[in-house]
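> using only what follows, build the 3D model:
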Amino acid sequence: MMAERYDCTECKESLFGLKYILKEEKPYCIKCYETLFSSSCEVCQKPISCTSRDLSYKDRHWHSECFLCAKCSRSLVERPFATKDELLMCTDCYSNEYSAKCHACLKTIMPGSKKMEHKGNSWHENCFSCNRCQQPIGTRSFVQKEGHNYCLPCYEKQYALQCAYCKKVWVAVSTSRLSSASGTMTASTVKSAACPWWGGASSPVKRTSFALTVRRTCEETHLTYACTTNMFHHI
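Take a look at the predicted model:
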């Protein structure tokens, strides 16, 4: 009894005793399969044979020996990598070329790590801290003064003007945007304390040559008292 023929779907050559590949349940000899279905390498443009490792990323394909960093030529096989303008780079080269530097520690903020951004500057999450208490600010209210960040309580203690009678701080709070790698967070920044009766032209503590006295009513005690430049001091 004659054995049933088992031929290549494309060239019809017998596959008995030969290696072959099934695609959609149809047999192909190696040569036909590579001609019809093999991917071309992005680097050398040659077909990736069945016996070679085919590395793919976003519908692009490489030979394993062609899968290299575009800057330092190190192999990226089984290594983390980043892309820029369709170029593949190891994380070290990508960080040196494109990653932001932390405004506090001046070290590179590695791709994939969380960063905080405000007014064009970037920080590691842990480096974005109060200059006074050294605690991470996160999404809490903060104010920048002389290039340093302060949480709101520390700013009020160190810099804000305080009424000598009711002990309340004169501040005007406005909302700004603090962005991070994982999204945009809301934070508050504090404007310079406005002088309530000189129209904000200058700070009362600097107007010591004036003998101006103003009658004010304290909202806390509802008492009316004479308020002069000496009624204010820094905390």
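> for the protein, which segments count as helices?
For the chain, the helices defined by DSSP state H cover 30-37, 91-98, 152-158.
> buried deepest among the ones you listed, which one?
Ranked by mean neighbour count, the helices of the chain are led by helix 152-158 with a mean of 18 (mean count of other Cβ atoms under 10 Å). Where you see a C-beta, it was placed from the backbone N, CA and C, and this is true even at glycine.
> show me what it packs onto, helices and strands only.
With contacts taken as 3 or more Cβ pairs under 8 Å, 6 or more residues apart in numbering; DSSP states H and E, helix 152-158 sits against strand 142-145, strand 183-191.
> in terms of mean pLDDT, which of those ranks lowest?
Sorting the helices and strands packed on helix 152-158 by mean pLDDT places strand 183-191 lowest, at a mean of 34.
> which parts of stretch 74-85 count as buried, going by neighbours?
By neighbour count on 16 or more other Cβ atoms under 10 Å, the buried set for stretch 74-85 is 76, 81-82.
> any chance of a markdown table for the residues you listed, columns pLDDT?
What follows is the buried residues of stretch 74-85, written out as a markdown table (pLDDT from 0 to 100):
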| residue | pLDDT |
| --- | --- |
| Leu76 | 92 |
| Phe81 | 88 |
| Ala82 | 86 |
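> in strands, which of the residues you listed fall?
Judged by DSSP state E, the subset of the buried residues of stretch 74-85 located in strands is 81-82.
> export the buried residues of stretch 74-85 as TSV, with columns for distance to Cys44.
As requested, the buried residues of stretch 74-85 are arranged in TSV below (distance: Cβ to Cβ, whole Å):
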residue	distance to Cys44
Leu76	15
Phe81	19
Ala82	22
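> of all the buried residues of stretch 74-85, which comes closest to Cys166?
Comparing those against Cys166 with Cβ to Cβ places Ala82 closest, at 55.7 Å.
> bridged to the closest one, which residues?
Applying DSSP bridges to Ala82 gives these bridge partners: Met89.
> what does Pro136 give?
Pro136 forms beta bridges with Ser129, as assigned by DSSP bridges.
> going forward, begin numbering at 272 instead of 1
Got it, first residue is 272 now, which makes that one Pro407.
> go ahead and confirm it touches Asn397.
Yes. The pair Pro407 / Asn397 is scored as a contact, 6.0 Å apart, by Cβ atoms under 8 Å.
> and the two? Which one has more around it.
Remark: of Pro407 and Asn397, Pro407 carries more neighbours, 16 against 13, as counted by other Cβ atoms under 10 Å.
> run a quick neighbour tally on Glu357.
For Glu357, using other Cβ under 10 Å, the count is 9.
> can you list the low-confidence ranges for this protein?
Applying pLDDT under 70 to the chain flags the ranges 272-275, 433-436, 438-506.
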